[in-house]
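1. I'll drop the sequence and a predicted model, then ask my questions.
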Amino acid sequence: MVAVSVDGLRTFTGSDRAEPVCKVVHTPDCFAVFAGAVEDPRGRFQAMPLAQRACESEGDIFAKSKAFETEAREQLQKFWADYKVQMRTIQSADKVVLNVVFAGVRAGSVGLVLLRFGETADGGIDVIDRRELPDGRTENMRYKIGDSKTADTYLAQHPEASRLDPAEFVRTLMSVALEGAKSDAKPRVGPPAAIFSITPAGVRWIETGACTAP
């Protein structure tokens with residue numbers, strides 16, 4: 001089983017504007033969630049429409065994620081030199097700018113792909129980490145995308161959390177992150193959170209947040 005949780009706060013680089021949003025793109029056999037720079041305020045890059053197009057394309061979840069990766073890289077590289085100064089305000093310590101998780105079911109099998117776009121050593125931007133986790137390799141694996149020191153601290157202080165049911169694990173971690181963000185001058189994560197699980201039998205929405213479950 002793959003369990004995923006994502007916050008529902010949309011922020012805008014260089015602005016105090018914030019609003020609730022669904023950060024889940026989904027088709028019957030493809031789900032994508034995001035953390036980080038989902039879009040450029042000037043509209044030069046928008047990750048979610050790209051992911052929607054990729055999810056609607058032919059192929060399994062790995063092919064769909066590759067289609068997104070290729071198009072997203074091309075668009076990001078076009079304006080990165082101009083935009084990266086603003087982006088530094090939301091980069092994590094390892095210079096990750098955008099995290100994307102693709103997950104889905106095809107022919108009774110669950111697949112998971114993690115993509116991390118970040119600043120490279122020469123100052124450009126590219127995929128700096130890609131992980132493909134086919135069915136059978138996701139057991140007991142835990143991945144946190146995005147930058148939440150509160151969640152990191154919680155995991156360090158509560159190692160027993162890793163033994164929770166996957167859905168309860170992501171719910172707990174999201175609750176901790178949302179609570180910790182309340183004290184931030186400009187929170188980068190916020191409610192409403194969306195939580196869902198994927199098994200070979202299909203998708204189960206646990207909390208829809210700002211999303212509309214299919």
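-> Arrived safely.

2. ok, I198 - contacts?
-> By C-beta atoms under 8 Å, 6 or more residues apart in numbering, I198 lies in contact with 1-4, 31, 103-105, 110, 204. The C-beta positions use only the backbone N, C-alpha and C, and glycine is treated the same way.

3. where is pLDDT lowest across those?
-> Ranked by pLDDT, these bottom out at M1 (76).

4. doesn't T199 make contact with that residue?
-> Yes. Under the criterion of C-beta atoms under 8 Å, M1 makes contact with T199 at 4.8 Å.

5. quick check: neighbours shared by these two?
-> V110.

6. could you give the number of residues near V170?
-> V170: 24 surrounding residues under other C-beta atoms under 10 Å.

7. okay, and which of the contacts of I198 map to strands?
-> Members of these lying in strands (criterion: DSSP state E): 2-4, 31, 103-105, 110, 204.

8. can you flag the buried ones in the residues you listed?
-> By neighbour count, with 16 or more other C-beta atoms under 10 Å, the ones in strands among the contacts of I198 hold 2-4, 31, 103-105, 110 as buried.

9. looking at those residues, spot the one nearest V170.
-> A3 (4.9 Å; C-beta to C-beta).

10. so for whatever helix or strand E74 lives in, mean pLDDT?
-> Using DSSP states H and E, E74 sits within helix 61-87. On average, the pLDDT along helix 61-87 is 86.

11. so which elements touch it?
-> strand 30-36, helix 47-55, strand 96-106, strand 109-119, strand 125-134 (3 or more C-beta pairs under 8 Å, 6 or more residues apart in numbering; DSSP states H and E).

12. how far does that helix sit from its chain's centre?
-> With C-alpha atoms, centre = their mean, to the nearest Å as the basis, helix 61-87 stands 14 Å off its chain's centre.

13. any buried residues in that helix, and which?
-> 61-62, 64-69, 71-72, 75-76, 80, 83-84, 87.

14. circling back to that earlier point, dump the contacts of I198 into JSON lines; add distance to P187 as well.
-> JSON lines is the format used below for the contacts of I198 (distance: C-beta to C-beta, whole Å):
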{"residue": "M1", "distance to P187": "30"}
{"residue": "V2", "distance to P187": "27"}
{"residue": "A3", "distance to P187": "24"}
{"residue": "V4", "distance to P187": "21"}
{"residue": "F31", "distance to P187": "25"}
{"residue": "A103", "distance to P187": "26"}
{"residue": "G104", "distance to P187": "30"}
{"residue": "V105", "distance to P187": "33"}
{"residue": "V110", "distance to P187": "32"}
{"residue": "R204", "distance to P187": "28"}
